[in-house]
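Colleague: Task: produce atomic coordinates for the following.
(4 chains)
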Amino acid sequence: MTIKVRFFASLREQQPEGLDQIEADGVQTVAQVWERATASALMPDNVLCSVNLEHRDRDEPVSDGDEVAFFPPVTGG
Amino acid sequence: MTIKVRFFASLREQQPEGLDQIEADGVQTVAQVWERATASALMPDNVLCSVNLEHRDRDEPVSDGDEVAFFPPVTGG
Amino acid sequence: MAIQLHETPFDPAQQLAQFEASQPAGSVGATASFVGTMRNHNEGDSVEAMTLEHYPGMTEKQLEDVIEDARRQWDIIDALIVHRVGDILPGQPIVLTAVCSAHRAAAFDACRFLMEALKSRATFWKKETLAGGETRWVEKNTPGH
Amino acid sequence: MAIQLHETPFDPAQQLAQFEASQPAGSVGATASFVGTMRNHNEGDSVEAMTLEHYPGMTEKQLEDVIEDARRQWDIIDALIVHRVGDILPGQPIVLTAVCSAHRAAAFDACRFLMEALKSRATFWKKETLAGGETRWVEKNTPGH
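Modeller: The predicted structure is shown next:
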């Protein structure tokens, strides 16, 4: 299966090698998407995650075709 | 001494005979100004008073030349 | 800091634009504002028109005091109160309060304070004309919290 | 109810005027609004410019959710959120929130809720360019209460 992966803000800059799409066979959770996409860089505690545009915890499951995003705490407004 | 007296809103309408200036000899308090200006009509409990543009209780003293006003609860804004 | 009483309709958006444009560039981070508008109904009745009476001299002084009180309580950059008096029709603005500050908490708090303080203290009185032509004095303000 | 993201500067006064003009005549008694503006200093440093990044698709959805949450909690007539994205200069508006309702308590409460909710939830990220040309990501929002 394939998962679309997106990084935003400082994470995008810190993950220049981060893959935007991964072959996700064997990947079951959001955290495992991070490991696969970043070649196993440790996910910092303050990283937030979303699946298909909804905030999700890092231990939530992922499915074929999902869009998974990683980003720092939000600072809008 | 003389006291300038003003009525506002519903009190102005209810006191068509209310005097706008009284000879206030013997008048010592705001409440006594009301009695003199309205020919002793009873001052309703919810009437508010001011002396020289400052809110004042009805038992506060008045002096020659003061402007004393009577009005209902405010409803602006 | 400014207070204004208008005998004729005012434009809240224009007032607000002027207020913001008059601030020192780059120091304001937050502007909170409130506009009170005349509704066409009140307490279950249709209202056709309203007359706002005030106590000239005292009212202006009270509005200035309200702004001074806000300045003492919050770290604000500027504040504005604009209030209609006289004959008002449904849909017309009655009051505008605005506060600008560096951060949003002070702007929100102080703007709301201006409204609550002026409604409870300032010498304005509303007289409504109902659909049938009958008139009545509004007896008390609605709660703000 | 409306949300807007703008790549170029917007005029809060004009947006607010449109918002008010689009309401049913006579039913709105209260409009509370808030404008967040870029300051030329932050955390003790001079700031020359800012870039606001967002997550297209997710951000819009979150802003719509924030307005829906406000509608569930308060009796409001309409709500508006306008937010800048992209490159921003000091003095330019970043965000506008506005709520209109029959009475002022709901307008004040819901307008503040919109700001706090969008700041804590919506996927926007600020990157500042300091006076010396150095850039930095803003790490957290200031408290709103």
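
Colleague: So which other helices or strands are in contact with the helix or strand harbouring C:Ala106?
Modeller: Assigned by DSSP states H and E, C:Ala106 falls within helix C:104-121. On a contact count with 3 or more C-beta pairs under 8 Å, 6 or more residues apart in numbering or on different chains; DSSP states H and E, helix C:104-121 meets strand C:30-37, helix C:58-73, strand C:76-84, strand C:93-101, strand D:30-37, helix D:104-121. Every residue, glycine included, has its C-beta placed from N, CA and C.

Colleague: In JSON lines, list those along with mean neighbour count and mean pLDDT.
Modeller: As requested, these are exported to JSON lines (neighbours: other C-beta atoms under 10 Å in any protein chain shown; pLDDT from 0 to 100):
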{"stretch": "strand C:30-37", "mean neighbour count": "26", "mean pLDDT": "98"}
{"stretch": "helix C:58-73", "mean neighbour count": "18", "mean pLDDT": "98"}
{"stretch": "strand C:76-84", "mean neighbour count": "23", "mean pLDDT": "98"}
{"stretch": "strand C:93-101", "mean neighbour count": "26", "mean pLDDT": "98"}
{"stretch": "strand D:30-37", "mean neighbour count": "26", "mean pLDDT": "98"}
{"stretch": "helix D:104-121", "mean neighbour count": "22", "mean pLDDT": "97"}
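
Colleague: hmm, who's touching stretch C:4-22?
Modeller: When contacts are defined by C-beta atoms under 8 Å, 6 or more residues apart in numbering or on different chains, stretch C:4-22 is touched by residues C:2, C:28, C:31, C:33, C:35, C:54, C:59-60, C:78, C:80-86, C:88, C:92-93, C:96, C:98, C:100, D:11-14, D:16-17, D:20, D:31, D:35, D:37.

Colleague: number of nearby residues for A:Asn52?
Modeller: Other residues near A:Asn52 come to 15 when the count uses other C-beta atoms under 10 Å in any protein chain shown.

Colleague: ugh, wrong one, I meant C:Pro90
Modeller: The burial count for C:Pro90: 18, using other C-beta under 10 Å.

Colleague: Grab the nearest non-local neighbour of the residue nearest the centre of chain C.
Modeller: Per C-alpha atoms, centre = their mean, the C-alpha nearest to the average position across chain C is that of C:Val95, at 3.0 Å. Distances taken as C-beta to C-beta, 6 or more residues apart in numbering or on different chains put C:Gly36 closest to C:Val95, at 4.2 Å, once the chain neighbours are dropped.

Colleague: go on, C:Ile3?
Modeller: C:Ile3's closest residue in space is C:Leu63 (C-beta to C-beta, 6+ apart), at 4.2 Å.

Colleague: for C:Lys140, same thing?
Modeller: B:Pro73 (5.8 Å).

Colleague: Contact partners for that neighbour?
Modeller: Contacts of B:Pro73 by C-beta under 8 Å, 6+ apart are B:Asn46, B:Leu48, C:Glu139, C:Lys140, C:Asn141.

Colleague: In strands, which of those appear?
Modeller: Judged by DSSP state E, strands contain the following of the contacts of B:Pro73: B:Leu48.

Colleague: need the contacts of B:Pro73 in JSON lines with distance to C:Phe108, can you?
Modeller: Formatted as JSON lines, the contacts of B:Pro73 follow (distance: C-beta to C-beta, whole Å):
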{"residue": "B:Asn46", "distance to C:Phe108": "32"}
{"residue": "B:Leu48", "distance to C:Phe108": "30"}
{"residue": "C:Glu139", "distance to C:Phe108": "30"}
{"residue": "C:Lys140", "distance to C:Phe108": "26"}
{"residue": "C:Asn141", "distance to C:Phe108": "21"}
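
Colleague: ok, the contacts of B:Pro73 vs C:Ala110, which is closest?
Modeller: C:Asn141 (19.5 Å; C-beta to C-beta).

Colleague: Now chain A against chain C: closest residue?
Modeller: Per C-beta to the nearest C-beta, A:Gly77 is where chain A lies closest to chain C, at 8.2 Å.

Colleague: before we move on, what SS does that residue have?
Modeller: For A:Gly77, the assignment made with DSSP: H, G, I helix; E, B strand; the rest coil gives coil.

Colleague: so it touches D:Arg121, yeah?
Modeller: No: using C-beta atoms under 8 Å, A:Gly77 makes no contact with D:Arg121, being 10.0 Å away.

Colleague: returning to what we had before: quick one, what contacts the residue nearest to C:Val95?
Modeller: Going by C-beta under 8 Å, 6+ apart, the list of residues near C:Gly36 reads B:Gly77, C:Pro93, C:Ile94, C:Val95, C:Leu96, C:Met115, D:Gly29, D:Ala30, D:Arg104.

Colleague: In chain A, where's the longest helix?
Modeller: Longest helix in chain A, counting residues (DSSP state H): helix A:30-37.

Colleague: Next, the buried residues of that helix.
Modeller: For helix A:30-37, burial by neighbour count (16 or more other C-beta atoms under 10 Å in any protein chain shown) applies to A:Val30, A:Ala31, A:Gln32, A:Val33, A:Trp34, A:Arg36, A:Ala37.

Colleague: Show me the strands in chain A, by range?
Modeller: A:2-7, A:21-23, A:48-51, A:54-56, A:67-71.

Colleague: Pick the most deeply packed of those.
Modeller: Looking across the strands of chain A with neighbours counted as mean count of other C-beta atoms under 10 Å in any protein chain shown, the highest average goes to strand A:67-71: a mean of 22.

Colleague: give me the residue from chain A nearest chain D.
Modeller: A:Gly76 (2.5 Å).
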